[in-house]
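> how would this look folded up:
(3 chains)
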Amino acid sequence: MSKTEGNEDSSNKEIVQCPECGSRRILRDYARGDTICGDCGIIISDLMIDSGPEWRAFTAEEKRDRSRVGSPMTYRMPDKGLSTTISRSDRDAYGRKLSPKRRAQIYRLRKWQVRTRVHSSIARNLAQAMPELNRIASQIGIPRDIRESAAVVYRKALEKGLVRGRSIESMVAAAVYLACRLHKIPRPLDEVESVARVNRKELAHCVRLILRGLDLKIPRPTATDFISRFANELSMSGESQKRALEVIEKASEMGITGGKDPTGLAAAALYIAGILAGERRAQREIAEVAHVTEVTIRNRYKEIVRKLKMDLEV
DNA sequence: AAGACGAAAGTGGTTGA
DNA sequence: TCAACAACTTTCGTCTT
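Residues are numbered from 1 along each chain as shown, chains lettered A, B, ... in the order given. Below you'll find the model as predicted:
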């Protein structure tokens, strides 16, 4: 049966209404070549199933040449809908039982068919996730190599099926966050949260999901990890940084670092170091870059001074 | 006047039943 | 799942430089 009757140009129809929610606010994402509903965000062009052939014939000759059997191609399926599916049944086309040897062969074929399909679904997900990752990464300004490992983390999570049921964006954000921690330049969760359109709870959930699912052994960020970044933002010298690190080391020897917010500790150490090195910074300034309050800096640094019996001739 | 201090009440996350 | 808990924040009045 020819599939070419009466459907010339059906694929050229302009989309004016969202098939999901009926909205008429239709947006075009030229960068990705998608047509998107302005209200529900669904990708319409990807969902439209064109019942006609994907080619057009202008002459009778072309029609004859191009006619063929099979469904039209659709980009909705990773294999463009052209694949043959190997059935699970253990009988052949005539209903006879297959020999054990043959059955094993079919089983192997089927396994690989399923596997390749999974792989392409991963590729499709990645195609969506990677631009997102780049966006988040460049907005909070993280270097290329960390992006790379964020991508690796995300891919692993994806392959483990951890992304299923969560939004791609939140998982990408979580991957970025974790990659930063892996590289010892942790960014606060809120910073990632502010550029990703994900609420904190969801983001934290995803982070834990990945941590548990991938068995990542990421050392918990310590105060020392924050020193250089904070010091740079405060334009404090290497001398101050060195002193701050010493302060932290002594403090942890005294066992007063456990359970405390490492950023608060780093902030307090920098405050003390600033005084010692003669480049004092106001608690407010430090609090700002460390994303903690002055009160926390005060509490920490009071405690350190008390426990270490330091003398700050101010 | 700016910065530092500390008390008190409030908030979000962890832990253990 | 819920309540208790510790750490941290917010707010605000006071003190110091």
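> Next, find the distance separating A:Val176 from A:Val305.
37 Å (CB to CB, to the nearest Å). Glycine gets a C-beta too; all of them are placed from N, C-alpha and C.
> Those two - which one has more neighbours?
A:Val176 (28 against 15; other CB atoms under 10 Å).
> Phi first, then psi, for A:Lys97.
A:Lys97 adopts backbone torsions of phi -70, psi 140, taken as degrees, to the nearest 10.
> residues near A:Ala273, how many?
A:Ala273: 26 neighbours (other CB under 10 Å).
> Pretty sure it sits against A:Gly238.
No. With contacts counted by CB atoms under 8 Å, A:Ala273 stays clear of A:Gly238, the gap being 10.8 Å.
> got a pLDDT number for A:Lys80?
For A:Lys80, the pLDDT comes out at 45.
> Any idea how far apart the tips of stretch A:133-153 sit?
Start to finish, the residues bounding stretch A:133-153 are 11 Å apart (CA to CA, to the nearest Å).
> Using neighbour counts, pick out the buried residues of it.
Across stretch A:133-153, burial judged by 16 or more other CB atoms under 10 Å covers A:133, A:136-137, A:140, A:142, A:146-147, A:149-151, A:153.
> will you turn the residues you listed into a markdown table that also has distance to DNA strand B and secondary structure?
A markdown table is the format used below for the buried residues of stretch A:133-153 (distance: CB to the nearest atom of the strand, whole Å; DSSP: H, G, I helix; E, B strand; the rest coil):
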| residue | distance to DNA strand B | secondary structure |
| --- | --- | --- |
| A:Leu133 | 23 | helix |
| A:Ile136 | 19 | helix |
| A:Ala137 | 23 | helix |
| A:Ile140 | 19 | coil |
| A:Ile142 | 22 | coil |
| A:Ile146 | 23 | helix |
| A:Arg147 | 25 | helix |
| A:Ser149 | 22 | helix |
| A:Ala150 | 21 | helix |
| A:Ala151 | 25 | helix |
| A:Val153 | 19 | helix |
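> show me which of the residues you listed neighbour DNA strand C.
When these are filtered against DNA strand C using CB under 7 Å from any atom of the strand, no residues are retained.
> Which positions in chain A make contact with DNA strand B?
Counting by CB under 7 Å from any atom of the strand, chain A comes close to DNA strand B at A:200-201, A:204, A:280, A:282-284, A:294-295, A:298, A:301-302.
> Of the residues you listed, which belong to helices?
Among the residues of chain A next to DNA strand B, the ones falling in helices (DSSP state H) are A:200-201, A:204, A:283-284, A:294-295, A:298, A:301-302.
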